[in-house]
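Novice: how would this look folded up:
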Amino acid sequence: MGLIRPRLPPAPPAAPPDSPARDPGLPPGATMERAAAAASACTLCAPHLPLGPRPIHQLHRDTRILITSQAPGTKAHLSGIPFEDASGERLRDWLGLDKDRFYDPTQVAILPMGMCYPGRLPGGGDCPPRPECAPLWHPRVLPLFSGLRLRLLVGAHAIRFVLGSRLPLGERVARFAESLPGHFPLPHPSWRTLVWAKKHPWFDAEVIPALRREVARALED
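Specialist: Residues are numbered from 1 along each chain as shown. Here you go, the predicted model:
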């Protein structure tokens with residue numbers, strides 16, 4: 001199998017400890033509704049966000065599948081809806097889900113590595129997710145899911161954060177079975193991956209059918 005070897009830009013430095021933004025400090029026993037509201041109000045990274053903070057997520061305590069992706073793009077920032085672009089159409093096709101099921105939070109939750117649009121790199125492409133976001137919010141939100149069955153790790157940032165893997169992205173995806181049950185590593189569904197997948201037919205022939213089986217199994221009653 002060929003390998004994806006993305007050249008990821010270095011992560012930006014985290015906000016200093018004396019940042020004016022407050023830690024949400026969710027109390028013990030907080031509900032998912034309270035956590036989601038607090039996440040939506042988060043301004044921790046505001047000084048670093050060119051379009052300002054607009055946290056985007058999709059959360060429900062009863063969800064079966066959690067998508068941990070990278071960070072929203074400009075279209076999602078403007079609409080407030082995650083994956084409302086060509087990459088979202090591609091991801092839904094990979095999963096074998098229509099929009100109704102994908103945007104049903106009792107079935108699919110979305111908690112990115114960075115909930116806000118991070119801006120553009122000088123040479124083109126979006127900046128990496130802000131490094132403050134996932135370490136703050138993921139430990140607060142994940143324990144509030146009551147029946148999570150499958151976590152999809154979309155992109156190198158999510159894979160490294162959750163699995164701690166330093167393998168090249170393509171190799172990690174090719175070895176997806178090692179992360180089951182519970183996790184499924186995927187590349188980001190950008191047009192670059194579409195071009196890459198055409199050159200590496202094992203992705204469509206082996207990974208996508210297995211992914212759809214795991215998604216269907218997770219959504220079974």
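
Novice: Return the set of buried residues in stretch 35-48.
Specialist: Ala35, Ala36, Ala38, Ala39, Cys42, Leu44, Cys45, His48 (16 or more other C-beta atoms under 10 Å). Bear in mind the C-beta positions are built from the backbone N, C-alpha and C, glycine included.

Novice: cool, and stretch 82-93?
Specialist: With burial defined by 16+ other C-beta under 10 Å, the residues of stretch 82-93 counted as buried are Pro82, Phe83, Glu84, Asp85, Ser87, Gly88, Arg90, Leu91, Arg92.

Novice: quick one: average pLDDT of that stretch?
Specialist: Here stretch 82-93 scores 95 as its mean pLDDT.

Novice: ok, Trp210 to Ala177 distance?
Specialist: Careful, residue 210 is Ala and not Trp. 7 Å (C-beta to C-beta, to the nearest Å).

Novice: nope, Pro82 is what I was after
Specialist: 27 Å.

Novice: Next: Pro131.
Specialist: Counting by C-beta to C-beta, the gap from Pro131 to Ala177 is 30 Å.

Novice: Same check on Val141?
Specialist: Taking C-beta to C-beta, one finds Val141 at 27 Å from Ala177.

Novice: what do you get for Leu167?
Specialist: Distance from Leu167 to Ala177, by C-beta to C-beta: 14 Å.

Novice: can you give me the strands for the protein?
Specialist: Along the chain, the stretches classed as strands by DSSP state E are 65-68, 108-110, 150-154, 183-186.

Novice: quick one: strands adjacent to the longest one?
Specialist: Spelled out, it's strand 150-154. Applying DSSP bridges, strand 150-154 is found paired with strand 65-68 (parallel), strand 183-186 (parallel).

Novice: Same list (these) but as JSON lines, adding mean neighbour count.
Specialist: Output for the strands paired with strand 150-154, formatted as JSON lines (neighbours: other C-beta atoms under 10 Å):
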{"stretch": "strand 65-68", "mean neighbour count": "23"}
{"stretch": "strand 183-186", "mean neighbour count": "24"}
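
Novice: So which of those is nearest Asp104?
Specialist: strand 65-68 (10.3 Å; C-beta to C-beta).

Novice: Pick the one among the buried residues of stretch 35-48 closest to Gln70.
Specialist: Nearest to Gln70 among the buried residues of stretch 35-48, with distances taken as C-beta to C-beta, is Cys45, at 14.5 Å.

Novice: So for the residue nearest to that closest one when sequence neighbours are not counted, what's the pLDDT?
Specialist: Among residues not flanking Cys45 along the chain, Arg130 sits closest, at 4.4 Å (C-beta to C-beta, 6 or more residues apart in numbering). You'll see Arg130 listed with a pLDDT of 96.

Novice: Return the distance of Arg130 relative to Gly164.
Specialist: 20 Å.

Novice: remind me which residues of the protein are low pLDDT?
Specialist: 1-25, 27-28 (pLDDT under 70).

Novice: Neighbours of Arg34, how many?
Specialist: Arg34 is flanked by 14 other residues according to other C-beta atoms under 10 Å.

Novice: what's it in contact with, if anything?
Specialist: By C-beta atoms under 8 Å, 6 or more residues apart in numbering, the contact list for Arg34 reads Leu26.

Novice: Give me the spatial nearest neighbour of the residue nearest the centre of the chain, chain neighbours excluded.
Specialist: Closest residue to the average C-alpha location of the chain: Ser69 at 1.4 Å, with C-alpha atoms, centre = their mean. Spatially, and ignoring its direct neighbours in sequence, Ser69 is nearest to Val154 (4.2 Å; C-beta to C-beta, 6+ apart).
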